[in-house]
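Student: Attaching a predicted model along with its sequence, questions to come.
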Amino acid sequence: MVLLLFGVIAAVAAGLLAAGVKRVRPGEVAVVERAGAHHRTLPAGTHLLVPLRDRVRARLDLGERVLLLPPRTAHAGDRHQVTVACRVRWRVGDPARAVYAAADGPRALEHLLDVEIRAAVSGMLAAEVPHRRAELEERLGEAMREAGAERGMEVLAVEFDELAPTRPEAARRLPPGVLPGPASPEGAAGAGGSPGPAGPAAPERG
């Protein structure tokens, strides 16, 4: 009877010990909480938690991720529309904040990005928007980095996939001082960059 009791106790102890062993894969972290609050963040490796007190709240991938903003239109300052599509490259910067401070950080960031894009484009003419791509990416990147940090997200860059006036005629209305980009080969040919077919030769005079 005593041996049976010791066997049961040993089995329970072994089970609790096994339950307390947690393995975190490379490239991940595990957020551990105790009594419903953040206790610590485990890096990659094998760790021993206190059974019945500690629990893994979430496992987070530390790799780079991409948040896509699908194509949409925004009104420029001259009331012409601009088609915009971009992506945000980010990764988890503060695991605990990413778990506890934001229920859906990427969705909140997407909404803020949409608001910032519309605000930025509204202060420009549609024709000049494509020529200020770098400026817009930097402006949006700064806003996204600040907002992302509050949600445990480290924003690496904001990059446009599409940025152009929706209507072709709006693209030609450049303001003074803004130079157009390099013309395409087709455009150069149409503008007289290459000669067209020769007309009929004039008759020789005798």
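Tutor: Here it is on my side, so go on.

Student: C-alpha from now on. contacts and neighbour counts both.
Tutor: Will do.

Student: which residue ranges form the strands in the chain?
Tutor: Assigned by DSSP state E, the strands in the chain fall at 21-24, 28-34, 37-42, 45-48, 54-61, 65-75, 81-92, 153-165.

Student: and those strands as CSV, adding mean neighbour count?
Tutor: Output for the strands of the chain, formatted as CSV (neighbours: other C-alpha atoms under 10 Å):
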stretch, mean neighbour count
strand 21-24, 15
strand 28-34, 19
strand 37-42, 16
strand 45-48, 12
strand 54-61, 17
strand 65-75, 16
strand 81-92, 21
strand 153-165, 20
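
Student: Let's have the ones you listed in JSON lines, adding distance to residue 127.
Tutor: JSON lines is the format used below for the strands of the chain (distance: least, C-alpha to C-alpha, whole Å):
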{"stretch": "strand 21-24", "distance to residue 127": "51"}
{"stretch": "strand 28-34", "distance to residue 127": "45"}
{"stretch": "strand 37-42", "distance to residue 127": "49"}
{"stretch": "strand 45-48", "distance to residue 127": "54"}
{"stretch": "strand 54-61", "distance to residue 127": "41"}
{"stretch": "strand 65-75", "distance to residue 127": "12"}
{"stretch": "strand 81-92", "distance to residue 127": "9"}
{"stretch": "strand 153-165", "distance to residue 127": "7"}
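
Student: Could you count how many residues lie near residue 106?
Tutor: A count of nearby residues for residue 106, using other C-alpha atoms under 10 Å, gives 18.

Student: how much space between it and residue 147?
Tutor: According to C-alpha to C-alpha, to the nearest Å, residue 106 stands 11 Å off from residue 147.

Student: try residue 78
Tutor: Using C-alpha to C-alpha, residue 78 is found at 29 Å from residue 147.

Student: And for residue 89?
Tutor: Remark: distance between residue 89 and residue 147 (C-alpha to C-alpha) = 14 Å.

Student: likewise residue 115?
Tutor: Look at residue 115 and residue 147: by C-alpha to C-alpha, they are 13 Å apart.

Student: Which one of the two is surrounded by more residues?
Tutor: Using other C-alpha under 10 Å as the criterion, residue 115 and residue 147 rank with residue 147 on top: 19 against 12.
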